[in-house]
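J.: The following comprises the amino acid sequence and a computationally predicted model.
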Amino acid sequence: NILTTKQSEIDSWFNLQPSDIFLVYSNPPFGTSATSNLLSKKNELQPSEEENEKKYRKILIEYGSDPNESQYYINNYGKGDLCIPALGRMIETIKHQKKGYLAFFSPFGILIGRGRYHKLLKSLLKDFEYLYGEVFSGDKFNGVSKNKAISFTIWKYNPNINTQHESLKFNYEGKLYSLKVLPLLKDGWRYNQGKDGIEIGASRNDAFNNP
């Protein structure tokens, strides 16, 4: 279990020569500590305490071999998904070898900037060159809902390359798709932040000449 093995021990497994090509290739586990049946296999499911008809699997997410290492990975790569510490460990291993390629399957949300994965994506973009990406419907995988998008991407370690997020392109069923920045609601609507949180507000129109 690489998550409970000290990083120094993992680094000692490799004695790379200058001509060696180093590739870390993985399909890490996905899902939160309590994952719904959309991402679970039947034999993994447990009845929910709230409602017997809804099911989930309860899994402990391990972030490191000890509390200090766990905190390091949480600080640098984030938390909340089983794949985050696994991919973080792979990134650290390549960094310590000072060269290498990283290829992995993952939730597509990592690549499109979902909040939970911001730290992980930031680390990838900072030090890795993006080489290839493809997106699949979850129904291509055993026990995964067709509503879940799964991505496969290949990266090359290139320190401080600062890959632009919008430069990522993905193949999907024979077509190439790219990312672009779109305006957010908050950029076009007035909103305020009160004691009850942030809300979008629209002024009342009590006269025809009130803009």
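T.: In hand now; what should we look at?

J.: Go through the longest helix along the chain and flag the buried ones.
T.: If you go by DSSP state H, the chain has its longest helix at helix 83-97. By 16 or more other Cβ atoms under 10 Å, the buried positions in helix 83-97 come out as 83-95, 97. In short, each C-beta sits where N, CA and C put it, glycine included.

J.: Spell out the residue ranges of the strands in this structure.
T.: Using DSSP state E, the strands of the chain run over 23-26, 34-36, 46-47, 55-58, 101-107, 128-137, 149-157, 169-172, 175-178, 191-194, 197-200.

J.: TSV please, covering those and showing distance to residue 114, mean neighbour count and mean pLDDT.
T.: Listed next are the strands of the chain as TSV, based on distance: least, Cβ to Cβ, whole Å; neighbours: other Cβ atoms under 10 Å; pLDDT from 0 to 100:
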stretch	distance to residue 114	mean neighbour count	mean pLDDT
strand 23-26	20	14	95
strand 34-36	16	15	53
strand 46-47	26	11	55
strand 55-58	20	17	60
strand 101-107	8	19	96
strand 128-137	14	17	96
strand 149-157	11	19	96
strand 169-172	15	16	96
strand 175-178	17	9	95
strand 191-194	22	9	69
strand 197-200	19	9	70
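
J.: Could you check these and tell me which one is nearest residue 68?
T.: When the strands of the chain are compared for distance to residue 68 using Cβ to Cβ, the nearest one is strand 23-26, at 23.4 Å.

J.: Quick one: list the elements packing against that closest one.
T.: In terms of contact count using 3 or more Cβ pairs under 8 Å, 6 or more residues apart in numbering; DSSP states H and E, strand 23-26 is assigned the packing partners helix 83-97, strand 101-107.

J.: Does anything pack onto the shortest one? Which helices or strands?
T.: With contacts taken as 3+ Cβ pairs under 8 Å, 6+ apart, strand 101-107 sits against strand 23-26, helix 83-97, strand 149-157.

J.: want to throw these into JSON lines with distance to residue 193?
T.: What follows is the helices and strands packed on strand 101-107, written out as JSON lines (distance: least, Cβ to Cβ, whole Å):
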{"stretch": "strand 23-26", "distance to residue 193": "41"}
{"stretch": "helix 83-97", "distance to residue 193": "29"}
{"stretch": "strand 149-157", "distance to residue 193": "32"}
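
J.: so how far is stretch 83-95 off the chain centroid?
T.: Centre-to-centre, stretch 83-95 and its host chain are 12 Å apart (Cα atoms, centre = their mean, to the nearest Å).

J.: Correction: the previous question concerned stretch 179-188.
T.: For stretch 179-188 - counting by Cα atoms, centre = their mean - the centre lies 21 Å from the chain centre.

J.: just to revisit the earlier point, let me have the strands of the chain in CSV, extended by distance to residue 184.
T.: Output for the strands of the chain, formatted as CSV (distance: least, Cβ to Cβ, whole Å):
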stretch, distance to residue 184
strand 23-26, 33
strand 34-36, 28
strand 46-47, 38
strand 55-58, 32
strand 101-107, 22
strand 128-137, 23
strand 149-157, 21
strand 169-172, 22
strand 175-178, 19
strand 191-194, 11
strand 197-200, 11
